[in-house]
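S.K.: just coords:
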């Protein structure tokens, strides 16, 4: 049976419970996936496992660059283009369900990465920041704004790819452990994550857990996705038109005093 966890107790007592485990793979910007996730929760849920961090990112001064990169990623990119998982959390909590996040804080990206990978992300961040400023000083502000956005995206992507693909205790295995930890006792578990994780996480689950894996409603390059992204992308560009000149002014002021 799909989505069933069976527990067999030794001796004369036979004990069996079922746990429905649904893994919903999504394209993070997809309104279609977001609506399907809401429908899955409306059917009833005991535990929601959601991809993301539970707490705000806090890093020491040595990794201050990472904090800035995360701010660019979250506030200038994800807040516009990603669907808001907080709505799913509110629906789950409204049913009295538990909510489990796949990581405690995004600082784990630094803590769990090899020093060479962290160093590469560090170098890329500052290279793109200075390149962004150079574009602005040369009058190419559109290129400068795009490069500043990449200063937040590039290093984060490098760290996330390493975290997912490294051997041993990788990201997919950790997500599977989160699901395994809450499955059982007849509970219904809904796990929402990016499609790249949804394809691999089931491989790390024990044989007793056979999840119902749901694929994205449509692909990233589809016409439907284009409609989903159009308005948020316009809003993001409007925000960059405000943020980038401010960044450039701060950059120019800083170098005027050194």
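M.R.: Good, I have the coordinates. Keep in mind that what you see is a predicted model, and the values were worked out from it rather than measured. Numbering: from 1, shown residues only.
S.K.: immediately after the helix or strand hosting residue 155, which helix or strand?
M.R.: Taking DSSP states H and E as the criterion, residue 155 maps to helix 141-165. Heading C-terminal from helix 141-165, the first helix or strand you meet, by DSSP H and E, is helix 171-182.
S.K.: other residues contacting that following helix?
M.R.: Applying Cβ atoms under 8 Å, 6 or more residues apart in numbering, the external contacts of helix 171-182 come out as 21, 23, 47, 49, 51, 98, 100, 102-103, 160, 163-164, 189, 191, 193, 197, 200-206, 209, 211. For glycine as for every other residue, the C-beta is placed from the backbone atoms N, C-alpha and C.
S.K.: again, but for stretch 230-241
M.R.: 29, 76, 77, 80, 81, 145, 148, 149.
S.K.: among those, which ones are buried?
M.R.: Buried residues within the contacts of stretch 230-241, counting neighbours by 16 or more other Cβ atoms under 10 Å: 29, 76, 77, 80, 145, 148, 149.
S.K.: name the nearest of those residues relative to residue 113.
M.R.: Ranked by distance to residue 113 (Cβ to Cβ), these are led by residue 77 at 20.4 Å.
S.K.: now do the strands in this structure.
M.R.: Remark: strands assigned in the chain by DSSP state E are 20-26, 47-53, 98-103, 188-194, 212-214.
S.K.: can you put these in CSV and add mean neighbour count?
M.R.: Below are the strands of the chain laid out as CSV (neighbours: other Cβ atoms under 10 Å):
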stretch, mean neighbour count
strand 20-26, 23
strand 47-53, 21
strand 98-103, 18
strand 188-194, 24
strand 212-214, 17
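S.K.: of those, which approaches residue 33 most closely?
M.R.: strand 20-26 (3.8 Å).
S.K.: what residues does the closest one touch?
M.R.: Contacts of strand 20-26 (Cβ under 8 Å, 6+ apart): 3-5, 33-34, 36-37, 40, 83, 179, 183, 187-195, 197-199, 201-202, 205, 209-216.
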